[in-house]
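Participant: this one's sequence-less:
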Ligand code: PSU
Ligand code: MN
């Protein structure tokens, strides 16, 4: 383990060695382990995502907060605790890092917290299922994920299946444009709708290979003042759900959340759990499949990006 300067950042030996030698590294968030997926699929998915990254020749770096440290490359034992409902890890967004370091709490990291940690060590790629975004009814609730503003500030490329369809996808795409975050489809012209292949929302940019994606990442991150970008791909075709069916479950879940005391950061896990139950497991299978698929794609892009930085063709 190594620490970096005065920031309490603990980088695993494996990740440190990869960074040191210019090898591809992919950051993986842990909020989906602790709060997005039920046990035991959460731990299985975390392990499968790490394996998918390794299989492509990159090094996975799962992020978390533990005992006063930001972790980049959480050890297997930490990932097991994050996946254990009894350990009850806190969900950390960007704003939470300082207080949770000071309190020495065990915490999982959302996309916003993950890209901040990744960028501390110069990691350029991360993977997740879907980013947070503009919630339905945000005009009244002001519930907009800090993932958006963190992407607007932090130069990391996030591979995902868009934003979860429980959000207002059109408003999320508009806000990403306002915040100057490019959204690039990988093999698609439309924003994927997480569980479903398409949202009907057209993207401004498309690439068709990991090499082209890496070229877009390198060009974007090379611009002075550039911050984050999104690379989006739909769920694996055999697991994708029908958009109309998903919409029905979401409407139920949003109504159920509004009828209870669930607010703020608890809303996303609540709605995801409702959909998992209502779909009879098919939403869960799609969620797991797309997370692993996005980890694999992020690794391919990271490998091509690492080649570009070594002056080789991607
Ligand atoms: N995708 C999933 N499950 C999740 C999340 C994404 O399939 O649990 C998490 C991500 O960590 C994302 C977070 O960054 O939800 C957004 O939460 P909020 O809206 O509270 O910012
Ligand atoms: Mn929120």
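Facilitator: That came through, no problem. The shown structure was predicted, so the numbers you read here are calculated from the model rather than taken from an experiment. Numbering: from 1, shown residues only. Ligands and ions are numbered 1, 2, ... in the order given.

Participant: For the rest of this, base every contact and every neighbour count on C-alpha atoms.
Facilitator: Noted.

Participant: Correct me if wrong: residue 57 contacts residue 302.
Facilitator: No - Residue 57 is beyond contact range of residue 302, at 9.3 Å (criterion: Cα atoms under 8 Å).

Participant: Common neighbours of these two, please.
Facilitator: Listed as contacting both residue 57 and residue 302 by Cα atoms under 8 Å, 6 or more residues apart in numbering are residue 24.

Participant: ok, those two, which is more surrounded?
Facilitator: residue 302 (32 against 17; other Cα atoms under 10 Å).

Participant: Let me know the distance separating that one from residue 193.
Facilitator: Distance of residue 302 to residue 193, given as Cα to Cα, to the nearest Å: 24 Å.

Participant: Tell me who's in contact with the residue positioned nearest the centre of the chain.
Facilitator: For the chain, the residue nearest the mean C-alpha position is residue 128 (2.8 Å; Cα atoms, centre = their mean). Residues in contact with residue 128 (Cα under 8 Å, 6+ apart) are 28-29, 111, 158-161, 291, 294-295.

Participant: how far away is it from residue 54?
Facilitator: Distance from residue 128 to residue 54, by Cα to Cα: 16 Å.

Participant: now swap in residue 75 and tell me
Facilitator: Distance of residue 75 to residue 54, computed by Cα to Cα: 15 Å.

Participant: just residue 7 next, same as before
Facilitator: Counting by Cα to Cα, the gap from residue 7 to residue 54 is 28 Å.

Participant: Please identify which of these two sits among more neighbours.
Facilitator: More neighbours surround residue 54 than the other of residue 7 and residue 54, with 18 against 10 (other Cα under 10 Å).

Participant: can you tell me the helix or strand for that one?
Facilitator: Using DSSP states H and E, residue 54 sits in helix 41-55.

Participant: Which positions in that helix come out as buried?
Facilitator: 42-43, 45-46, 48-54 (16 or more other Cα atoms under 10 Å).

Participant: cool, and stretch 233-251?
Facilitator: So for stretch 233-251, counting by 16+ other Cα under 10 Å, buried means 233-236, 239-241, 243, 246, 249-250.

Participant: first to last residue in that stretch, what's the distance?
Facilitator: 24 Å.

Participant: That one near ligand 1 at all?
Facilitator: No - Stretch 233-251 lies out of reach of ligand 1 by Cα under 6 Å from any ligand atom, never closer than 11.5 Å.

Participant: Not counting that stretch itself, show me its contacts.
Facilitator: In contact with stretch 233-251 (Cα under 8 Å, 6+ apart) are residues 159-162, 165-166, 185-188, 191-199, 271, 274-275, 278-279, 282-283, 285-287, 289-290, 293-294.
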